[in-house]
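A.B. asks: for reference, the sequence and a predicted model appear below.
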Amino acid sequence: MNPGQALAGDLAILYAGVDRPEAWTEWLARTAASLRLPFIGQQAYSFVEKRGSGCCLFGDHHSTMHAYNAYYGARNPWMPRARATLQPGRPIVSDELCGESELYRTEFYADWLRPARLLHSMGAVLAIENGTSHTMAFLRGPDAGPYTQEEIRYLTSVLPHLQNVFRLRARLSALEAVRDSFSHALDRLGYGVVLIDGIGRVVSINAAARETLGKQDGLRLSRDQLRTTSPATEGALERLLRCGTSLSAETESPVNGVVEIPRLRSPLPLEVTAFPLLSETMLLGISASVIVFIHDPDLSRPVPETWLKQRFRLTGGEIRVARMLAAGSTLPEISDQLEISIQTARTHLKRIFAKTDTSRQSDLSRRLLRSLANLAGTDPAR
């Protein structure tokens, strides 16, 4: 294999490493073998604070980098000297910045480089932002000798591609962080959420939907599609979802109506509604056309106690009664379960009505259950 073919092969693996960790690891290993490197790291060096910090990408030097971040990153003799000539896309070679005889007299060499059996460094400057350089560092020991011109030319040819890969990996990491945050938020909802793509496939479900579908009672997943367990309601669900997936760009109204799905093991049905996205939209890093909401009465969470106390200034006894009323309990049932007299229960109810500005139990339940605090099923932050 000629050098051009070898470089092309390296670059193919490098770009595959944008979203495949095993390819990234393979590129690091191939580069380490080619340049005789026991250590490859990544560093951010602040010229304002005059210190660097980073991480180990290849090699068993995690403790070495811990010491660098804690102390020796502020004693790096190479980076301050490189500032004048530092340019993104250009390699920097340690031997051109500081001769070996001078380096040997530094604390950086005596207490950090030498114990790790490192001496020569070649850095790939990926970017310089706000007085901070982002560099990939290739370090090797004294036995390997200084970097040759051929090795420097190799890194020079790879460096533009390395910059592209780091930019792509940074963007991907940011998207993954947003996806993970959004997914975590959906998992906190008391309602099931299902995302469906343009051909009717389920592409994502939140924790509540997963629990409901896992019971196989009323709704189920079949070949990545949302189905009912009752043939009588299958047609209604199909029409609801078909209307969403076939929504044209000119149509702006959402899917109308709620489909009730009866269940064998529960007297209360599931309620399903869906809203189309006006175009194929990227949510959670996946393409979705319809968002489906599932209300499972068996998963209903109690109205948050802290919210009731903060919003309406209910007492402890009033909170217990209010939560049971919202869950559908009658006053005799509340009296029995809380072991209080029916007159005490009525007194609590009268005070709850006054504090919540309601006059009927149905109005009270609607007010409590329609709160966003109840939707999340958690107490809101103070």
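C.D. replies: Yes, it's here. Numbers count the residues shown, from 1 in each chain.
A.B. asks: need the longest helix for the protein.
C.D. replies: Longest helix of the chain, by residue count under DSSP state H: helix 149-187.
A.B. asks: pull out the buried positions in that one.
C.D. replies: Neighbour-count burial for helix 149-187 flags E151, I152, Y154, L155, V158, L159, L162, Q163, V165, F166, R179, L186 (criterion: 16 or more other CB atoms under 10 Å). From N, CA and C alone the C-beta is placed, and that goes for glycine too.
A.B. asks: and the nearest residue to the fourth one once chain neighbours are set aside, bridged to which residues?
C.D. replies: So that's L155. Sequence neighbours aside, P91 is the residue nearest to L155 in space, at 4.9 Å (criterion: CB to CB, 6 or more residues apart in numbering). Beta-bridge pairing of P91 under DSSP bridges involves A124.
A.B. asks: mind starting the numbering at 35 from now?
C.D. replies: Let's use 35 as the start, then, which means that last one is P125.
A.B. asks: still on that earlier bit, lowest-confidence entry in the buried residues of helix 183-221?
C.D. replies: Across those, the smallest pLDDT goes to R213, namely 80.
A.B. asks: before we move on, the earlier item: who's in contact with the residue nearest to L189?
C.D. replies: M156, G157, A158, V159, I186, L189, T190, L193 (CB atoms under 8 Å, 6 or more residues apart in numbering).
A.B. asks: repeat for F73
C.D. replies: F73 neighbours (CB under 8 Å, 6+ apart): C90, F92, G93, H95, T98, A150, L152, F172, L173, R174.
A.B. asks: just these: which are in helices?
C.D. replies: Among those, DSSP H puts T98 in helices.
A.B. asks: pick the one among the contacts of F73 closest to R244.
C.D. replies: Nearest to R244 among those: C90, at 37.2 Å, using CB to CB.
A.B. asks: got a pLDDT number for the closest one?
C.D. replies: pLDDT recorded at C90 is 95.
A.B. asks: count the neighbours of it for me.
C.D. replies: Neighbour count of C90, defined by other CB atoms under 10 Å: 17.
A.B. asks: H329 now?
C.D. replies: 19.
A.B. asks: then Y138?
C.D. replies: Burial of Y138 is recorded as 12 neighbouring residues (other CB under 10 Å).
A.B. asks: and what of G269?
C.D. replies: 11.
A.B. asks: next, give phi and psi for it.
C.D. replies: Note on G269: backbone dihedrals following degrees, to the nearest 10 are phi -60, psi -40.
A.B. asks: where do the strands sit along the stretch 185-334 of the chain?
C.D. replies: 226-230, 236-239, 253-256, 259-262, 293-295, 304-317, 320-329 (DSSP state E, counting those that start in this stretch).
A.B. asks: give me whichever of those strands is most buried.
C.D. replies: strand 226-230 (a mean of 23; mean count of other CB atoms under 10 Å).
A.B. asks: can you tell me the strand partners of that one and which way each runs?
C.D. replies: strand 236-239 (antiparallel), strand 320-329 (antiparallel).
A.B. asks: A208 is nearest to which of those?
C.D. replies: Closest among these, using CB to CB: strand 320-329, at 16.4 Å.
A.B. asks: about what we covered before: any chance of the strands of the stretch 185-334 of the chain in TSV, with mean pLDDT and distance to Y181 too?
C.D. replies: Converted to TSV, the strands of the stretch 185-334 of the chain look like this (pLDDT from 0 to 100; distance: least, CB to CB, whole Å):
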stretch	mean pLDDT	distance to Y181
strand 226-230	92	51
strand 236-239	91	48
strand 253-256	94	56
strand 259-262	94	58
strand 293-295	91	68
strand 304-317	76	43
strand 320-329	86	44
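A.B. asks: turn those into JSON lines, columns for distance to M113.
C.D. replies: Below are the strands of the stretch 185-334 of the chain laid out as JSON lines (distance: least, CB to CB, whole Å):
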{"stretch": "strand 226-230", "distance to M113": "47"}
{"stretch": "strand 236-239", "distance to M113": "44"}
{"stretch": "strand 253-256", "distance to M113": "55"}
{"stretch": "strand 259-262", "distance to M113": "56"}
{"stretch": "strand 293-295", "distance to M113": "64"}
{"stretch": "strand 304-317", "distance to M113": "39"}
{"stretch": "strand 320-329", "distance to M113": "42"}
